[in-house]
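Enquirer: model this:
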Amino acid sequence: MLEDKRYWIWFSLIKNLGIRRKKKLLEIYQDPKVIYGLKRKELTKISGIGEQTVDNILDVETKILVDKHIDYLCKNNIDIISISDDDYPENLKLIYDSPISLYIKGNKKILNDKKIGIIGCRQASDYGKKAAMYFGYNLSKIGVNIISGMAKGVDSYSHIGNCKALKEKCYSQNDNYKHVDNVNNCGKPIAVVGNGLDIVYPSENKKLEEEIINLGGCIISEYPIGTKPQKMHFPARNRIISGMSDGILVIEAKEKSGTLITVDFALEQGKDVYVVPGNINSINSVGTNELIKQGARLVTNYREIEV
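Expert: Numbers count the residues shown, from 1 in each chain. Modelled structure (predicted):
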């Protein structure tokens, strides 16, 4: 199957070729296989495609890398889905800068089910951790997939709450995760990361990542393998979290934080923003309480979230 996706993998590996230029090329040529076969003369005629970009598209080393990537992806059960595939999240197609392709490890069948993004502070307080677990657990119990970024703090604890609900369901069926895909009335975890799927970041979440996969969830990234986590990747990752979600729940955010960037994306995308109120004496609550003042929907119970 991955051999059929060779040219999408190659397209994702081209250096410094942004989403807008990729979309422009696809509008003209439809298929990356056609772009792969273009000559310099033809590429230089395309408006907005400079010499350096042409060099990057024609780069021989990038083309050689594809075989190594296919080999690694096959051995590690990683797939790639393009924006033209049926499995690609429909919500994500609607945003301005939707990724051309996504690498995915785990269950891609859940990407178009109902889902809530849970975001918040990396340095979460005990209150924030408990709230993240509470919402992750209870929303999962009513069949809502939980999307987050698998970062420290709120992200991790929302995934942990989701996994807890799934494990309880599995134990009640005595199947030890063997038929977790059949637990249709329980939401699954979806983690969106800002690095290649050959890297676990933060490293202490290796066990959590394995649990997400084993319980019928998935890990996704727009970055090819070998891509290290970099500061600039996380705002880009955040637009995917909000773009895929049917709504965003914010649990703890400082006055200036990446969490609020995700909220901005969600508002631009027309998503509902829910906020858990916080302690007025905590720096972790300055951002969340301000969102409530600005009109975000205050929630204290998972039933108040509409999906």
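
Enquirer: OK, contacts around residue 127?
Expert: By C-beta atoms under 8 Å, 6 or more residues apart in numbering, residue 127 lies in contact with 252, 278, 279, 282. The way it works is simple: take the backbone N, C-alpha and C, and place the C-beta from them, glycine included.

Enquirer: turn those into TSV, including pLDDT.
Expert: Output for those, formatted as TSV (pLDDT from 0 to 100):
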residue	pLDDT
252	96
278	95
279	94
282	95
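
Enquirer: out of those residues, which are buried?
Expert: 252, 278, 282 (16 or more other C-beta atoms under 10 Å).

Enquirer: for the first one, give me its contacts.
Expert: Contact criterion C-beta under 8 Å, 6+ apart gives 120-121, 124-125, 127-128, 131, 153-154, 259, 276, 278, 282, 284-285, 287-288 as the residues in contact with residue 252.

Enquirer: quick check: bridge partners of the residue nearest to the spatial centre of the chain?
Expert: When C-alpha atoms, centre = their mean is applied to the chain, the residue found nearest the centroid is residue 192 (2.6 Å). Note on residue 192: beta-bridge partners by DSSP bridges are residue 220.

Enquirer: distance of it relative to residue 223?
Expert: 11 Å (C-beta to C-beta, to the nearest Å).

Enquirer: ok so, going back, the residue nearest to the centre of the chain contacts residue 234, doesn't it?
Expert: No - using C-beta atoms under 8 Å, residue 192 is not in contact with residue 234; the gap is 10.1 Å.

Enquirer: spit out the residues that contact these two alike.
Expert: Joint contacts of residue 192 and residue 234 (C-beta under 8 Å, 6+ apart) are residue 149.

Enquirer: nearest to residue 298, of the buried ones among the contacts of residue 127?
Expert: When the buried ones among the contacts of residue 127 are compared for distance to residue 298 (C-beta to C-beta), residue 278 wins out at 10.7 Å.

Enquirer: show me the contacts of residue 252 that map onto strands.
Expert: 120, 276 (DSSP state E).
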